[in-house]
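Undergrad: generate a structure from the sequence data that follows.
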Amino acid sequence: MVDGHNLIPKIPGLSLRAIDDEMQLIELLQEFCRVVRKPVELYFDNAPPGQAQVRKYGWVIARFIRRGANADQAIRNHLRKLGRAASNWTVVSSDLAVQNAARRSGAVVMTAEEFSRQVQAALRSISQAQDERADTILTPDEVEAWLKFFEGDPKGGLP
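TA: Model (predicted):
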């Protein structure tokens, strides 16, 4: 469970002032979730009237909380509903009241800063792996062998 508006300012390149800050975070976390193969449940404050809802974006579930309530309350309520199962969850928030509620419920607590570092490290590892693959240069003989292989030349073979 992640307090989205706590996390946005902790991610380099994202800003709460951006009109699409929530979607930028969702897109970033979609990639993070794909890599770590774990879901994330985001909570956002101040959904416009009639817009409070839950949306699923792959491994990311975004909960837009109606005005008059807030993400902190929604997270605490969800923890209460989970009961003992809350111990299977990690709560990401820099809000002390949310952290205390999470600890009391048995959930793991992580600050927005700590989670931001995890997200950045996972995304860096993807970038590095892509860079390493992009740096692979074939010799002219290897290119020729691959061309023969894909042309179906029975004499062609791979080096």
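Undergrad: give me the neighbour count for residue 39.
TA: Neighbours of residue 39 under the rule other Cβ atoms under 10 Å: 12. Backbone N, C-alpha and C define where each C-beta goes, glycine included.
Undergrad: er, residue 47 actually
TA: Counted with other Cβ under 10 Å, the burial measure for residue 47 works out to 16 neighbours.
Undergrad: what about the nearest residue to it once chain neighbours are set aside, distance to residue 5?
TA: Beyond its immediate neighbours in the sequence, the residue positioned closest to residue 47 (Cβ to Cβ, 6 or more residues apart in numbering) is residue 64, lying 3.7 Å away. Spatial separation of residue 64 from residue 5 under the definition Cβ to Cβ, to the nearest Å is 11 Å.
Undergrad: what do those two both touch?
TA: Overlap between the neighbourhoods of residue 64 and residue 5 consists of residue 44, taking contacts as Cβ atoms under 8 Å, 6 or more residues apart in numbering.
Undergrad: quick revisit: distance of the residue nearest to residue 47 from residue 42?
TA: Computed as Cβ to Cβ, the residue 64 to residue 42 distance reads 9 Å.
Undergrad: these two: who's more crowded?
TA: Set residue 64 next to residue 42 and count neighbours by other Cβ under 10 Å: residue 42 wins out with 23 against 20.
Undergrad: contact partners of the helix or strand hosting that one?
TA: Following DSSP states H and E, one finds residue 42 within strand 40-47. For strand 40-47, contacts defined as Cβ under 8 Å, 6+ apart pick out 1-5, 22, 25-26, 29, 32-33, 53, 59-67, 70-71, 74-75.
Undergrad: I'd like the next helix or strand past that strand.
TA: Moving toward the C-terminus from strand 40-47, the next element (DSSP H and E) is strand 53-57.
Undergrad: centre of the chain to that following strand, how far?
TA: 14 Å (Cα atoms, centre = their mean, to the nearest Å).
Undergrad: and the strands in the protein, which stretches?
TA: For the chain, the strands identified by DSSP state E occupy 2-3, 40-47, 53-57, 60-66, 90-92, 108-110, in order along the chain.
Undergrad: including distance to residue 11 and mean pLDDT, could the ones you listed go into a markdown table?
TA: Below are the strands of the chain laid out as a markdown table (distance: least, Cβ to Cβ, whole Å; pLDDT from 0 to 100):
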| stretch | distance to residue 11 | mean pLDDT |
| --- | --- | --- |
| strand 2-3 | 11 | 96 |
| strand 40-47 | 12 | 91 |
| strand 53-57 | 16 | 92 |
| strand 60-66 | 14 | 93 |
| strand 90-92 | 12 | 97 |
| strand 108-110 | 14 | 97 |
